[in-house]
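1. I would like the atomic coordinates for the input below:
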Amino acid sequence: MERKVLGMAANKEKAPYSVMSYFCGCGGLDLGFRGGFKYHDEDYPALPFNIIEAYDNEPRCIETYNDYFGTGHALVKDLAAVKPEEIPKADILIGGFPCQEFSSCGPLGGLESERGRLYQTLIAYMNTHKPKIVVGENVINLERMEKGEVLKTIKKNLMAAGYTVKVWKMFAPDYGVPQRRTRLMIMCVRKDLFEEYGFPKEPEARFKDKHRSIEWAIGDLVNVTDNSIVPNQGDYFGASKAKKGNGQGDESNKKDMPAYTIRANPKSRVQFHYSLDRRLTVRECARIQTFPDDFRFKFSKTVNISQIGNAVPPIMAYLVAQSVEQYLDKIGGVQK
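-> Residues are numbered from 1 along each chain as shown. Model (predicted):
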């Protein structure tokens, strides 16, 4: 499959909107903004977004990203150590800032931890370059920490940079993702644009009453065990169920329901298949996260699952990107 170069317009019919990507991981959010992929025989056409650069501090994530997109535009970079003036200006800033300090599966260090304060790198870019729109993503637990005070603080700081901020709470199955995962999309619009044009429209939850099941997502892989047929389908953890502990990761999926959340810290505890006596494969986890089958993961099973679990589901990101595109088209695009 021929890929569209990251530094080129994804949609030739109109001028592209420039995008800077922070904390890009393996590229789930970025793939959604670029489009031009197929998932489960459904086409997601290219969108008019030009990702000029993408950054993450994890070299293996950057390698996975560049392997898929076929460019060197994703770079290993510690954003906390970089001055925003050194980073290119863009119309849009996107970034799933590190969630480990907010996740119920993480250390819960919150804003007092070094990683928990990394969202401030987004604010530094906003203060310097004044992008039209900023899209941040994080875990649902962020709104629960300290009875909501952590999220209030983050929103307050984003607003102080000159933006109107709204939080879209997105339950992934409502948007076609075959997985029980809720994420917060923290949407920021520059105040002058908000005052004249309002806010982007929240994506429609088209699948709210007809969630896709895990069987829908991976049923065709039941008899596939060869990586040469479907990449990463032969890669899975063989661990048996734990005799002790709370059972997290030892659940068996129900075939007629969306899958359990694909976690980023599996430690061999990826959930079990709905009908086979084994845990889910790397490819099945990627399918459940809505990555296309030609998106390959080449590292260890643990690293691969971590990259997949940390990612934003591409088709959910695609819907957010469509809303951003429609809004920018309404305000006159790059002229503002």
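
2. by contact count, what packs against the worst-scoring helix or strand of the chain on mean pLDDT?
-> Every helix and strand in the chain was compared by mean pLDDT, DSSP states H and E; the lowest is helix 149-160, with a mean of 92. Judged by 3 or more CB pairs under 8 Å, 6 or more residues apart in numbering; DSSP states H and E, helix 149-160 is in contact with helix 120-129, strand 163-171, strand 182-190. Yep, even glycine has a C-beta here, placed from its N, CA and C like the rest.

3. Deepest-packed of those, please.
-> The highest mean neighbour count among those, using mean count of other CB atoms under 10 Å, belongs to strand 182-190: a mean of 22.

4. Next SSE downstream of that strand?
-> Later in the chain than strand 182-190, the nearest helix or strand by DSSP states H and E is helix 191-197.

5. Please give me every residue in contact with the residue lying closest to residue 231 once chain neighbours are set aside.
-> Nearest non-adjacent residue to residue 231, counting by CB to CB, 6 or more residues apart in numbering: residue 296, 4.7 Å away. By CB atoms under 8 Å, 6 or more residues apart in numbering, the residues touching residue 296 are 64, 67-68, 231-232.

6. closest to residue 258 among these?
-> Ranked by distance to residue 258 (CB to CB), the contacts of residue 296 are led by residue 232 at 20.7 Å.

7. Could you check how far that closest one is from residue 28?
-> Applying CB to CB, to the nearest Å, one obtains 15 Å for the distance of residue 232 from residue 28.

8. I'd like to know which elements the top helix by length along the chain is packed against.
-> The longest helix of the chain (DSSP state H) is helix 314-331. Where contact means 3+ CB pairs under 8 Å, 6+ apart, helix 314-331 is packed against strand 17-22, helix 28-34, strand 37-39, strand 42-44, strand 133-139, strand 182-190, helix 191-197.

9. try it again with 7 Å
-> helix 28-34, strand 133-139, helix 191-197 (3 or more CB pairs under 7 Å, 6 or more residues apart in numbering; DSSP states H and E).

10. which other residues reach it?
-> 17, 28-29, 31-33, 35, 37, 39, 44, 47-49, 92, 132-133, 135, 170, 172, 175-177, 185, 193, 197, 200-203, 290-291 (CB atoms under 7 Å, 6 or more residues apart in numbering).

11. can you tell me the average pLDDT over that helix?
-> When pLDDT is averaged over helix 314-331, the result is 97.

12. What of stretch 255-266?
-> 91.

13. Repeat that for stretch 278-287.
-> On average, stretch 278-287 scores 96.

14. For it, measure first residue to last.
-> End-to-end distance for stretch 278-287: 17 Å, by CA to CA, to the nearest Å.

15. And it, what's buried?
-> Using 16 or more other CB atoms under 10 Å as the burial criterion, the residues of stretch 278-287 that qualify are 279-287.

16. do stretch 314-330 as well
-> Buried, per 16+ other CB under 10 Å, within stretch 314-330: 314-325, 327-328.
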